[in-house]
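Undergrad: Got a predicted model here, sequence first, then my questions.
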Amino acid sequence: MRIAMIGTGYVGLVSGACFSDFGHDVVCVDKDVRKIELLHQNVMPIYEPGLAELVASNVKAGRLSFTTDLAEGVKGADAVFIAVGTPSRRGDGHADLSYVFAAAEEIVAALDGPAVIVTKSTVPVGTGDEVERIVARIAPDKGITVVSNPEFLREGAAIEDFKRPDRVVVGSENETASQVMRDIYRPLSLNQSAPVLFTGRRTAELIKYAANAFLAVKITFINEIADLCEQVGADVQEVSRGIGMDNRIGRKFLNAGPGYGGSCFPKDTLALLKTADDNETPLRIVEATVRVNDTRKRAMGRKVIKAMGGDVRGKTVAILGLTFKPNTDDMRDAPSIAIIQTLQDAGATVRAYDPEGVEQAKTVLSDVTFCSSGYEAADQADALVIVTEWDEFRALDLARMKTLLKQPLLLDLRNIYPVEEARRAGFELVGVGKP
């Protein structure tokens, strides 16, 4: 199959590379000239483990290419995937669909024959209907159909998620378009790695938002249980284990911490709430989730201040981990931002280290000393705070850390260190949801 991927952001680049690795002929299109130039040099615009190698091998095999010319890119395509950004619209929280609709208009005008336009971007219910209206207005006789194919990729594990997904969701109202999608995803059925679920288009669009909202609710639930654990003397990790063994609940997304961030959960919960509001169907659980998560991040900053005696003016705090999760350089809505701002507002000096996120962090944080290692960040600091659970933070030389810090105080906001291990190294450990 010949596939055009419009947008070389996180979703577009990973999807395009994986489709080409399946054996399809893929061309990725982006208007950002500099980004395409860098991709021609095999320089990735994002950090994702294994992506550079995957791109290089498929470019070498002749199955993957990059261009800024949309008309040339979609020529002869069986399917054109729209994978452009849908950020929260300033003012009302609704998904900004201007990039999706602009791409759709260009695609429809440029296609030279029948094709399937696939919305891969995360879009509100009814977006596919609007794309279909664009098709009817510009080229009603080209045989162009529209389907929804939402993505479910986790940053840091996107290639594995794409090749071995829990499921693939396709929303289609046309059997010819459905067959094209079956052909595109046939490599998954050959190794029986995932079911392909066909639904109506609006249903597929809602599945994506409902899935992300449910996971956000699950994270926020265990975070509030963690707060209760601290008050009653229980251990949230043991509570998580105890309830997660119930197959109806499951173990995933039950790790207490400083709140969720990233490119999906914050904007998708807001967009879902806007859709619900537009349709006069309140989603009160999701409303509470958004509110609680927003307040939690600064609450973690106050937790650090309390552990340091209630006054951090003139003190130095070492922050380990800036990105919203490990194995990415994504700083969007990262808990570290609110935590650091809370500490700075209280008069603290912040030294920080992240394995991949420093350059992105520099664009959203000010008056922070960025360091080249966790040990450099800890040097002469009054407390050490783990915010993101990168693997390299799981085996710190605590004895060395103790000699660098002014005070042996470790705030582990991801609960990666057992209390006994920290105590043996001479640390006072403050975790999340610990008695």
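TA: Right, received. Where do you want to start?

Undergrad: Show the residue spans covered by the strands in the stretch 301-435 of the chain.
TA: Under the criterion DSSP state E, counting those that start in this stretch, the stretch 301-435 of the chain contains strands at 316-320, 349-353, 368-370, 383-386, 409-412, 428-430.

Undergrad: which neighbours does the last one have in its sheet, and in what orientation?
TA: If you go by DSSP bridges, strand 428-430 pairs up with strand 409-412 (parallel).

Undergrad: Name the residues that touch the partner strand?
TA: Contact partners of strand 409-412, identified using C-beta atoms under 8 Å, 6 or more residues apart in numbering, comprise 303-304, 307-308, 382-386, 398, 401, 417, 422, 427-432. (Glycine included, C-beta is placed from N, CA and C.)

Undergrad: Can you tell me what sits against stretch 385-399?
TA: So stretch 385-399 is contacted by 258, 304, 317-327, 334-336, 339, 354-355, 357, 374-375, 410-414, 416-417, 421-422, 425-427 (C-beta under 8 Å, 6+ apart).

Undergrad: in whichever strand or helix holds E238, what's buried?
TA: Element membership of E238, judged by DSSP states H and E, is helix 236-244. Under the neighbour-count criterion of 16 or more other C-beta atoms under 10 Å, helix 236-244 has V236, Q237, V239, S240, I243, G244 buried.

Undergrad: and of the strands of the stretch 301-435 of the chain, who's closest to E175?
TA: Nearest to E175 among the strands of the stretch 301-435 of the chain is strand 383-386 (52.4 Å), distances taken as C-beta to C-beta.

Undergrad: pLDDT (mean, whole number) over that closest one?
TA: Computed over strand 383-386, the mean pLDDT rounds to 98.

Undergrad: What strands flank that strand, and is each parallel or antiparallel?
TA: Within its sheet, and counting by DSSP bridges, strand 383-386 is paired with strand 316-320 (parallel), strand 409-412 (parallel).

Undergrad: Just name the most buried of those.
TA: strand 316-320 (a mean of 28; mean count of other C-beta atoms under 10 Å).

Undergrad: from the chain's centre, how far out does that strand sit?
TA: On the basis of C-alpha atoms, centre = their mean, to the nearest Å, strand 316-320 sits 24 Å off its chain's mean C-alpha point.

Undergrad: quick one on the thing from earlier: so which of the buried residues of helix 236-244 comes closest to A79?
TA: For the buried residues of helix 236-244, the nearest to A79 is G244 (38.7 Å; C-beta to C-beta).

Undergrad: So the closest one versus G62, what's the distance?
TA: 46 Å (C-beta to C-beta, to the nearest Å).

Undergrad: Repeat that for R202.
TA: Taking C-beta to C-beta, one finds R202 at 38 Å from G62.

Undergrad: quick one, which of these two is more surrounded?
TA: Set side by side, R202 and G62 show more neighbours around R202, with 17 against 9, by other C-beta atoms under 10 Å.

Undergrad: Rounded mean pLDDT for the helix or strand that contains that one, please.
TA: Using DSSP H and E, the element containing R202 is helix 201-232. Helix 201-232 shows a mean pLDDT of 98.

Undergrad: Ok, stretch 90-107 next?
TA: What stretch 90-107 shows for mean pLDDT is 91.

Undergrad: so where's the stretch 251-400 of the chain uncertain?
TA: By pLDDT under 70, the stretch 251-400 of the chain has no low-scoring segment.

Undergrad: Would you mind measuring from V239 to K303?
TA: For V239 relative to K303 (C-beta to C-beta), the value is 19 Å.

Undergrad: Now that L320 has come up, it's in contact with E376, right?
TA: No: using C-beta atoms under 8 Å, L320 makes no contact with E376, being 10.9 Å away.

Undergrad: So for these two, which residues contact both of them?
TA: Y353.

Undergrad: circling back: turn the buried residues of helix 236-244 into TSV, including distance to I36.
TA: Converted to TSV, the buried residues of helix 236-244 look like this (distance: C-beta to C-beta, whole Å):
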residue	distance to I36
V236	46
Q237	46
V239	49
S240	44
I243	48
G244	44
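
Undergrad: Could you save these as TSV and add columns showing distance to E173 and pLDDT?
TA: TSV is the format used below for those (distance: C-beta to C-beta, whole Å; pLDDT from 0 to 100):
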residue	distance to E173	pLDDT
V236	45	98
Q237	46	98
V239	45	98
S240	41	98
I243	40	98
G244	39	97
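
Undergrad: Thanks again, I'm all set now.
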